[in-house]
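Undergrad: need a 3D model of the sequence below.
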Amino acid sequence: MDFTDGRLVFRPGDDGYDEEIAGFQTGFAQRPAIVFAAGSAEDVVAAVSYAADAGLPVGVQATGHGLPGSSEGGVLISTRRMDSVRVDADARTVTVGAGVRWGQVVEAAAAHGLAPLNGSAPGVGAVSYTLGGGLGILAREFGYAADHVRWLDVVTANGTQRHVTPESEPELFWGLLGGGANLGVVTALEIGLVPVARLYGGAIEFDGREVDPGRVLRAYEAWTRTVPDEVTSSVAALVYPDMPQLPPHLRGRYLVTVRVACTGSEAEGTRLVAPLREIGPVVSDSLREMPYGESHTIHSDPDFPHSYYGDSVVVGELDVEAAGELLALTGPAAEKMHVVQINQLGGALAKPAGNAVPYREAGWLVRVLSPFEGGDGTDLDAVRAVQDRAFALFAPGAAGRLLNFAFGAGGRGEGLYDAETQKRLAGLKATYDPANLFRRNYGVGDAG
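TA: Got it, this is the predicted structure:
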């Protein structure tokens, strides 16, 4: 490593280079020519200016859940040191730096009886999640995280720092929220908090070899038609590997799990989930009232780096028969491990908002994530073949895909936006990044 104009910089071969570029996603390698370890917005300006002068592409990485492939051979801006969190309890807002993880925000907000609109995993970067829309565990009641942003500080491709609000630059504000990291480097943003200190939530796990997965799906889909917007839920299915690192009750089991978060009282939550408990015998039932700080236990996402590939499709109505075929394709008979998750959308997610988050009319999100065997991605073609078959099941009702759930497939731009949104984003790209410095195109810029 060295210091360029007093800034911390890593190049291939330097001590600390590999650690600086490492992230949560280990299945896709990236080898930037230079890494700027940014600690401030001024560091980001220096990095962007350097890249622009050298004609190099720019990638940005906070936590590495989604790796910036565009930084290959170019400039990577590492923002994990920009981790300031400032809560304004009276205004019910929080200001977060580019490297902040959601777990930090949850903890800071909880001290004031407030909660952010975070996702299921506390290790995910708050800013990148929000720029992609941000589908959280309370989404049906409060909408996308992007819907609650008040302002953003961003460095655009010409090295200019901009303080972007709906009033100052309405079109850029619109495009940054939902457009991802394609228009600049967001160094900080302010986002609204919600008055939630406790919730009723958890997971009910069924053994898919003992209880027909199709029965679980049918019962779950019927149940979602009866619940209010205060309930956000999903159903997941996977065959757990037989590994000593896992709890004994998970090893080798095929589990179909319903996950629920409800902001109502314990009594109301207990009443609402009663039909789920009647589906069949359960492996475990963790539904309970909990402080919001424990909300990550609803999904219990893995918190260790690993390799995976995944994608998604949004549909208007859930074809339960197609979903059953999906579970058959990815379940115990599959040659490789796959994780399926089906989220109910609707509620506040369907309300119009002043941002580029697409497909608000969709009722369901179907996701498939496939860990790589051996962790090196050599089985990518086999994984893609299964996922192509999986998503083809929903093609008749498919509206498109969601950016935040294109795990490793982010370079494939088709379907990430409807035609009108894509046209507006392309116009912003031409205005703010005509040289295509930020090559996370998502179908709206020149291929690079």
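Undergrad: in the chain, which residue is closest to the centre?
TA: Closest to where the C-alpha atoms of the chain average out (Cα atoms, centre = their mean) is Asn404, at 4.2 Å.
Undergrad: show me what contacts that one?
TA: By Cβ atoms under 8 Å, 6 or more residues apart in numbering, the contact list for Asn404 reads Gly66, Tyr129, Gly132, Gly133, Gly134, Leu135. All C-beta atoms are positioned from the backbone trio N, CA, C, and that covers glycine.
Undergrad: go with 7 Å
TA: Tyr129, Gly132, Gly133, Leu135 (Cβ atoms under 7 Å, 6 or more residues apart in numbering).
Undergrad: same deal with Val94?
TA: Val85, Arg86, Val87, Val105, Ala108, Ala109, Pro116, Ile191, Leu193 are the contacts of Val94 under Cβ under 7 Å, 6+ apart.
Undergrad: save the contacts of Asn404 as JSON lines, and put in distance to Pro302, pLDDT and neighbour count too.
TA: Below are the contacts of Asn404 laid out as JSON lines (distance: Cβ to Cβ, whole Å; pLDDT from 0 to 100; neighbours: other Cβ atoms under 10 Å):
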{"residue": "Tyr129", "distance to Pro302": "17", "pLDDT": "96", "neighbour count": "25"}
{"residue": "Gly132", "distance to Pro302": "20", "pLDDT": "95", "neighbour count": "26"}
{"residue": "Gly133", "distance to Pro302": "22", "pLDDT": "97", "neighbour count": "27"}
{"residue": "Leu135", "distance to Pro302": "19", "pLDDT": "98", "neighbour count": "26"}
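Undergrad: dump those to JSON lines, plus secondary structure and distance to Ala419.
TA: JSON lines is the format used below for those (DSSP: H, G, I helix; E, B strand; the rest coil; distance: Cβ to Cβ, whole Å):
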{"residue": "Tyr129", "secondary structure": "helix", "distance to Ala419": "25"}
{"residue": "Gly132", "secondary structure": "coil", "distance to Ala419": "20"}
{"residue": "Gly133", "secondary structure": "coil", "distance to Ala419": "18"}
{"residue": "Leu135", "secondary structure": "coil", "distance to Ala419": "22"}
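Undergrad: touching stretch 113-122 from outside, list them.
TA: By Cβ under 7 Å, 6+ apart, stretch 113-122 touches 89, 92, 94, 101-103, 105-106, 109, 129, 134-138, 142, 145, 148, 191, 193-197, 292, 296, 298-299, 301.
Undergrad: same question, stretch 166-185
TA: 44, 48, 60, 77, 128, 131-133, 146, 149, 152, 154-157, 162, 164-165, 186, 354-358, 403, 424-425, 428-429, 432-433, 438, 440-442, 444-445.
Undergrad: now, those residues that are in strands?
TA: Among the contacts of stretch 166-185, the members found in strands (DSSP state E) are Val60, Ile77, Val149, Leu152, Val154, Val155, Arg162, Val164, Val186.
Undergrad: what's the most distant pair in these?
TA: With Cβ to Cβ as the measure, no two of the ones in strands among the contacts of stretch 166-185 lie farther apart than Ile77 and Val149, at 20.7 Å.
Undergrad: just the buried ones out of the contacts of Val94, please.
TA: Among these, the ones that count as buried by 16 or more other Cβ atoms under 10 Å are Val85, Val87, Val105, Ala108, Ala109, Pro116, Ile191, Leu193.
Undergrad: tell me where the stretch 201-350 of the chain has helices.
TA: For the stretch 201-350 of the chain, the helices defined by DSSP state H, counting those that start in this stretch occupy 213-224, 266-277, 320-330.
Undergrad: show me what the first one is packed against.
TA: The elements that helix 213-224 packs onto, with contact taken as 3 or more Cβ pairs under 7 Å, 6 or more residues apart in numbering; DSSP states H and E, are strand 231-239, strand 254-262, helix 320-330.
Undergrad: which elements pack onto the longest one?
TA: Packing partners of helix 320-330 (3+ Cβ pairs under 7 Å, 6+ apart): helix 213-224, strand 339-344, helix 380-392.
Undergrad: how big is the angle separating the first one from strand 339-344?
TA: If you take axes from the mean of the first three to the mean of the last three Cα atoms, to 10 degrees, helix 213-224 sits at 20 degrees to strand 339-344.
Undergrad: what residues does helix 213-224 touch?
TA: 206, 233, 235, 237, 256, 258, 275-276, 279-280, 318, 320, 323-324, 327, 331, 344.
Undergrad: how does it look with 8 Å?
TA: Counting by Cβ under 8 Å, 6+ apart, 206, 208, 233, 235, 237, 256, 258, 275-276, 279-280, 318, 320, 323-324, 327-328, 331, 342, 344 sit against helix 213-224.
Undergrad: flag every buried residue along the helix or strand harbouring Glu19.
TA: According to DSSP states H and E, Glu19 maps onto helix 17-21. For helix 17-21, the neighbour count (16+ other Cβ under 10 Å) marks Tyr17, Glu20, Ile21 as buried.
Undergrad: and stretch 387-397, by the same measure?
TA: Gln387, Ala390, Phe391, Leu393, Phe394, Gly397.
Undergrad: touching, Leu272 and Glu266? I think so.
TA: No: assessed by Cβ atoms under 8 Å, Leu272 is found out of contact with Glu266, at 10.8 Å.
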